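[1] Give the three-dimensional model of this entry:
(chains A, B, C and D)
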Amino acid sequence: MIVLSEEDVMLKDMANGWTADRAPVPALRALRGQLADTGFDPALYAEMAEMGWPAILIPEEFGGVGMNRVSLGLIAEELGRNLVGSPLVWSAAGAVSALTLGTNQAAKEALLPQIANGSLAAALAIDDENHHRPHTISTTAQKYESGWVLSGAKRAVPDATGVGLLVIAAQLEDTSPALFSCPVDTAGVTLTSLDRIDSRGAADIVLDNVSLGPDALLGQGQDYLDTVLDSVRAILAAEMLGGTAQAFETTVEYMKTRIQFDQPIGSFQALQHRAADMLGEIVLARAAVYGALQAIDAGDADASRQVSLAKAIAGDCFRTMAREMIQIHGGIGMTDEHDAGLYLKRAHVLDHTLGNAAFHRERYARMLDI
Amino acid sequence: MIVLSEEDVMLKDMANGWTADRAPVPALRALRGQLADTGFDPALYAEMAEMGWPAILIPEEFGGVGMNRVSLGLIAEELGRNLVGSPLVWSAAGAVSALTLGTNQAAKEALLPQIANGSLAAALAIDDENHHRPHTISTTAQKYESGWVLSGAKRAVPDATGVGLLVIAAQLEDTSPALFSCPVDTAGVTLTSLDRIDSRGAADIVLDNVSLGPDALLGQGQDYLDTVLDSVRAILAAEMLGGTAQAFETTVEYMKTRIQFDQPIGSFQALQHRAADMLGEIVLARAAVYGALQAIDAGDADASRQVSLAKAIAGDCFRTMAREMIQIHGGIGMTDEHDAGLYLKRAHVLDHTLGNAAFHRERYARMLDI
Amino acid sequence: MALDEQQFRQQAQDWLTENFPPSLRGGRFIMPHTQEEGSSPSADYLLWKQRMAAKGWSVPTWPSEYGGGGLSIRQAEILAEEMTRAGAFNPIGGLGIMMLGPTLLEYGNDEQKARHIPPIVRGEVEWCQGFSEPGAGSDLAALRTRCEDKGDHFLINGQKIWTSFAHVSDWCFCLVRTDTSVKQAGISFLLIDMKTPGVEARPIELINGVSHFCETFFTDVKVPKENLVGRVNQGWEIAKRLLQHERSGLSSQRNVANVEQGLPHLAREYVGTDDAGRIADADLRTRIVQHMMRQEAYGLALKHRNAEIEAGQDGTAPMSSLKNLGAGVAQELNELAVEILGHAGTGNRGPGFSNTELELTSGWLYSKCFSIYGGSHEIQNNILAKRELGLPGA
Amino acid sequence: MALDEQQFRQQAQDWLTENFPPSLRGGRFIMPHTQEEGSSPSADYLLWKQRMAAKGWSVPTWPSEYGGGGLSIRQAEILAEEMTRAGAFNPIGGLGIMMLGPTLLEYGNDEQKARHIPPIVRGEVEWCQGFSEPGAGSDLAALRTRCEDKGDHFLINGQKIWTSFAHVSDWCFCLVRTDTSVKQAGISFLLIDMKTPGVEARPIELINGVSHFCETFFTDVKVPKENLVGRVNQGWEIAKRLLQHERSGLSSQRNVANVEQGLPHLAREYVGTDDAGRIADADLRTRIVQHMMRQEAYGLALKHRNAEIEAGQDGTAPMSSLKNLGAGVAQELNELAVEILGHAGTGNRGPGFSNTELELTSGWLYSKCFSIYGGSHEIQNNILAKRELGLPGA
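    Residues are numbered from 1 along each chain as shown, chains lettered A, B, ... in the order given. Prediction:
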């Protein structure tokens, strides 16, 4: 259920206040042109860490706060409202899930406390090419006595340029997938920073016979990989929900103030009805997103399906809302100076991150054997 | 091009006037409960024959007038406006195409003059089951010295109960499809009249070792069958276009007269914009329908694709418009007394006749190798 | 609290095991009205009805003072889950339960509540709704049915329309005009016994052949003054509240009863599957999947709303949105069902069509009114624009 | 007539064979404006431009008196077909051709036509459009740029916005307010030399990084009285006519230049195919097919309109419908293109993205304005509701 605990309400209010104060949309604009560096503002991430956000899913024994995915989703939603740039999702949901769901005790002990306190941020390198196909990973991992050797290429890895740790998907010799931890400065790892439309950081990565120690393997198997990815996808869906909600509210406010034909354009019924229909779409997206987060928290058997539901619906909803935001703003919405374009661009990139709406519709269908 | 010849304009005006005068929507209502008989009014069909409509595509040498498909489409469009019941499409486009595109000279000489003067009406029996699958016909035709034996069952054959001639699709021993002419009173042919939502005639047909003479075969091969079917589909699309246009115009008129909140509901911008968008859809449908008719007339290589384009777009457009007709009329549109439901029902049946929109989208895709 | 929930769940299970007649497993609610059409309920059905009425679980959240179950919303939800699990169903329904009951509990006086609510709980009295008029559809407040104060009674003259089941109902809750000089502020809320002389209901046939909606005529109908709910001219306020209950009721109905095993099952049967086991028609399959996802998200939205209400929070999902979404999802479902059937989805009557096929086809036609009744899609959008979004009037 | 058509087709073929430089085959129109960005046209391009201008086939249907081609619409269509077949293109374009020319031919005096039209035909003078203002977007007639009659000249003060390519244009056709006491009836249509002192154009950066739309400021700009088109206060009538030409021009653009080999080709390259040779992602494939069907139907609608106009009939397809449909189809195309690209469709600049990928991504972002400029989708719908459907005002 969407009903929040007092703790969660406090968390959400805090995230809302902090984002409005410290990381409003202009903070994203300020990142432009600095992408070769980090793709996000390390100082802001340090503040997030002080508030304990990267530690939310980390068990207390590893220095975390042991809260659940709904809590992290609430934060992601608030960050999504203002398009905040940070590696939080990849670190707090991605790397943390890769570690906690894995079997590598040494890695947990070594890495989780650093992630918890924010000193180590992480990125997830999954896709080998332009589409998300986690069941046919082409990057390979070969086992030697001294450890592992990874070879291949990773495409458009979000926030890779600004973090210390890469969590890399590779195929083992038995063709099952696995995740490896790999410090970003390991020999053989080459990053090419990408300039993407959403002004956030990302990089293409070449892995040229990258040697990793025997402890680099965090976990393996298709189920393991899917569960880790679902953990991130649900949080990404929450981020998209936040972006959608903000785009909607900004647009409705504009409708109240923009005067044409001697009246606010919000008095025109054609626009009113489009806004009302859009509100309904957001109702569905919100239900799907919190349903997915709760399903993971509850360990529901159908959590994966719920995640695909949420990612697909939130993806479509954010795209549609961003388009409507531009259309209803008219010419001003087409200018770089206005925020509407930023929401459209972020919607597009997020939709394509870890499987777009079409990918998740197909996954949903297969899980129901349709 | 949609530009009409003077001859066509006269034909269209004549069809429009005749339909409004002799076969307005109440004439369809009058058919209800009489379906076990003919499913259409033979007297009205006789009048159509007097005007030469069944003869339009028939060459002059066989008693026809040798006009083209655009001409027949114009008539179908006008009939579609008032949901006129008649076997015209099946006789004038279906049976005539089966004959003229076929190789059976004796059959042409015997049947075309009768179809031309209206003394013989025909139905096309294609589907073996609930879906249109003209590439997997299960009804079989076996050749004997004395002629042919047909066995199988035909589903929901429009107007079969009121006509004298059946044109039946069956599979030859080499699995290629063929069309056979079969008088409806041939031994072994059993018709079960169907009561369908559109108040038009239709029947399920059982073919129990039906013996036909050696001249019963009209033509064979997949291309032949497809071309005959396309000839009918294009005319059905024109009928749907007419229904759509009338449903639209009736709805717009209602919007001008129905008062709510002290003003005509047509003054509400939300409804205005829906009507304006719908007008655009009709523009597309009209272009597609006349494009297809012209493509057949011109013998264009891509005529089949154009037909699928037209059938799919007109099918979706009619369905959507009929739904909007009910919604905008509100409660009164839900009553049997009002015509809106008749348009919805006819849209549904026509859409499913010789392949619904989804069937034709898939066919279109395959023809473009997508 | 989770512990209490567990306890209640156990109680509900036990009570259902003891009281729900196994012969009714998988059955469903039979409207008393439809008895005249030949499907009279079995002895077990009547027994089940009686037991549910006695327990008050036909209206689980109504106060036990008037025969209700006195449960919390969360408990009612658990009860519903357990009933589903047991193959059971609520044998009592109708507009009395969905609309009038909650309204009377709020606006009725003690005498009205004591008189009218217990029979509703027991499913003994059927109510119909006299709101719309030929000239007052979406613009409901334009209604003109006249109510004159004749001292010891009210005198009613006018015409209502879309009065569902008026021809077989016992009572009607009705909006009448008590002041012609103002619009909304001149309306009163009246309870009318349908057996009163001067009341006549004529069924209207719908596009799918059913005719449970009526035109209802009131000619010099005398109504006792005790049947006025609230004050004279307070009717619009009461009606708005009642319409919220209607929206709420309509938005919680899943409207999917006709396709019990779901669209994929129907599609596998009528369309078949490809080599990979997928529904054979890729275009259709894509739309079925999209629909099922909307359906599931909509179900989650309803669940969330119930949880919020239970927790005493304002619902984050506006009722008008849920009403529109529910209607849209149900219409989509019905469209897909008849598309899947192909020719089998074109029947008006047999032979040539199975009963299931005819029901799906009829249900599809009927589903077109989901976005009209209970306040059309357009009216809900007007409400949303004004109340939820605060957009200015034209 | 079919014979004449055949003759003309042969003439066109012959002329193209003789005059179209083979080196330009498959090339396309280069806006003179973009020369400053480094892609200056080749000598062959300039030669081709000169030959087309001399022949008048840059504007095939304009009267030969002013340098046009003097062709019928059908002939122009044949010419376009033959140019496509020959891999040729029209090397001359811009707002002078699309909008001002046709308007001047109708409303300009002889002197204005003789002075302004030939340079437009030859592609020597670039025009921009000074219509919208910050407070007058969809409500264009709310414009406030002031035009005072100073006896021997007009004095202009105000601000325009969305003036495309104002910063590199030679002239501007402009709507100005000559009467503040009325709305539409107080507007005049003026031609302004952009080099006049007091004119300043500042580019606005759009969401895809391009900045050919400008804010244009007019501060005490003196305009000779001979530059008034039509009468004082006749501007709104002239503007409405000009906007029809704009809609017409916009609706005939296919806006598909960026995906020259079509979506299926792009999808096969970026998404791959399944065993049956179909685009691998069934959900995406379904949407590509639907789009291509709309695209084809829209193309047919344009063709039909031209045929009707040629035949002297009223077009059955309203221009506003075609404008909206064209914008919608083009936006759909661009959405699908970037979806097909996946990560490759998320780039702002290289490395990591090919030029084609960057162009497609930028084109997708830019396509969002197709439903805004030239009268938004909403404004076209208002026009349709009023003029085509005769629906009443609120």
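[2] alpha carbons only for contacts and neighbour counts from here, please
    OK.
[3] Grab the nearest non-local neighbour of whichever residue of the stretch 1-150 of chain A sits closest to chain D.
    Using C-alpha to the nearest C-alpha, the closest approach of the stretch 1-150 of chain A to chain D is made by residue A:130 at 4.8 Å. Nearest non-adjacent residue to residue A:130, counting by C-alpha to C-alpha, 6 or more residues apart in numbering or on different chains: residue D:343, 4.8 Å away.
[4] Roughly how far does that neighbour sit from residue C:104?
    59 Å (C-alpha to C-alpha, to the nearest Å).
[5] For the two, indicate the residue with more neighbours.
    For residue D:343 versus residue C:104, the count of surrounding residues by other C-alpha atoms under 10 Å in any protein chain shown is larger for residue D:343: 25 against 20.
[6] Residues of chain A that sit close to chain C?
    A:1-3, A:252, A:255-256, A:263-264, A:266-269, A:272-273, A:275-277, A:279-280, A:283-288, A:291, A:309, A:361, A:364-365, A:369-370 (C-alpha under 8 Å from any C-alpha of the partner chain).
[7] Run through the helices of the stretch 151-300 of chain A in chain order.
    Using DSSP state H, counting those that start in this stretch, the helices found in the stretch 151-300 of chain A span residues A:222-257, A:269-297.
[8] got it, and the stretch 51-200 of chain C?
    Using DSSP H, counting those that start in this stretch, helices in the stretch 51-200 of chain C cover C:73-85, C:95, C:101-107, C:110-121.
[9] For residue A:152, give me its contacts.
    A:128, A:138, A:139, A:140, A:206, A:207, A:208 (C-alpha atoms under 8 Å, 6 or more residues apart in numbering or on different chains).
[10] Now rank these by neighbours and give me the top one.
    Most surrounded of the contacts of residue A:152: other C-alpha under 10 Å gives residue A:128, at 24 neighbours.
[11] That residue in helix, strand or coil?
    Recorded secondary structure, residue A:128: coil (DSSP: H, G, I helix; E, B strand; the rest coil).
[12] Was I right to think it contacts residue A:155?
    Yes: counting by C-alpha atoms under 8 Å, residue A:128 touches residue A:155, with 5.4 Å between them.
[13] Would you mind naming what in the stretch 151-300 of chain C lies close to chain B?
    C:162, C:204, C:205, C:206, C:207, C:208, C:209, C:270, C:271, C:281, C:283, C:284.
[14] Can you give me the neighbour number for residue A:161?
    Residue A:161 has 26 nearby residues by other C-alpha under 10 Å.
[15] Chain neighbours aside, what residue packs nearest to it?
    Nearest to residue A:161 is residue A:38, by C-alpha to C-alpha, 6+ apart, at 5.4 Å.
[16] which residues of the chain score low on pLDDT?
    This is for chain A. Regions of chain A meeting the criterion pLDDT under 70 cover residues A:1-2, A:33-37.
[17] right idea, wrong chain: chain C
    For chain C (pLDDT under 70), the answer is C:1-3, C:33-39, C:249-261, C:394.
[18] What parts of it come near chain D?
    C:282, C:283, C:286.
[19] Give me the nearest residue to residue A:86, chain neighbours excluded.
    Nearest to residue A:86 is residue A:40, by C-alpha to C-alpha, 6+ apart, at 5.3 Å.
[20] before we move on, which element is the one you found in?
    Using DSSP states H and E, residue A:40 is not contained in any helix or strand.
[21] What distance do you get for it to residue A:263?
    From residue A:40 to residue A:263 the distance is 42 Å (C-alpha to C-alpha).
[22] who's more crowded, these two?
    residue A:40 (26 against 16).
[23] what would the helices of the stretch 51-200 of chain C look like in JSON lines with distance to residue C:275?
    Putting those into JSON lines (distance: least, C-alpha to C-alpha, whole Å) gives the following:
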{"stretch": "helix C:73-85", "distance to residue C:275": "34"}
{"stretch": "helix C:95", "distance to residue C:275": "49"}
{"stretch": "helix C:101-107", "distance to residue C:275": "54"}
{"stretch": "helix C:110-121", "distance to residue C:275": "53"}
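[24] quick one, which of those is nearest to chain A?
    Using C-alpha to the nearest C-alpha, the helices of the stretch 51-200 of chain C put helix C:73-85 closest to chain A, at 11.3 Å.
[25] who does the helix or strand that comes right after that closest one touch, helix- and strand-wise?
    Proceeding N to C from helix C:73-85, the next assigned helix or strand is helix C:95, under DSSP H and E. Contact here means 3 or more C-alpha pairs under 8 Å, 6 or more residues apart in numbering or on different chains; DSSP states H and E; on that basis helix C:95 packs against strand C:127-130.
[26] ok, and what's touching the strand it packs on?
    C:94-96, C:100, C:160-166, C:169-175.
[27] tell me the domain boundaries of the chain?
    With no chain named, the answer covers chain A. A:6-120, A:123-220, A:223-367 (automatic domain parsing).
[28] actually chain C
    With automatic domain parsing as the reference, chain C has domains C:5-92, C:127-233, C:254-388.
[29] For these, give me TSV that also has distance to residue B:242.
    Formatted as TSV, those follow (distance: least, C-alpha to C-alpha, whole Å):
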stretch	distance to residue B:242
domain C:5-92	39
domain C:127-233	21
domain C:254-388	21
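[30] Out of those domains, which is closest to residue A:86?
    domain C:254-388 (28.6 Å; C-alpha to C-alpha).
[31] how distant is the closest one from the center of its chain?
    16 Å (C-alpha atoms, centre = their mean, to the nearest Å).
[32] Just put the helices of the stretch 151-300 of chain A in TSV and tack on distance to chain B and mean neighbour count.
    Output for the helices of the stretch 151-300 of chain A, formatted as TSV (distance: least, C-alpha to the nearest C-alpha, whole Å; neighbours: other C-alpha atoms under 10 Å in any protein chain shown):
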stretch	distance to chain B	mean neighbour count
helix A:222-257	16	24
helix A:269-297	4	25
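[33] and these as a markdown table, adding distance to residue A:17?
    Listed next are the helices of the stretch 151-300 of chain A as a markdown table, based on distance: least, C-alpha to C-alpha, whole Å:
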| stretch | distance to residue A:17 |
| --- | --- |
| helix A:222-257 | 14 |
| helix A:269-297 | 21 |
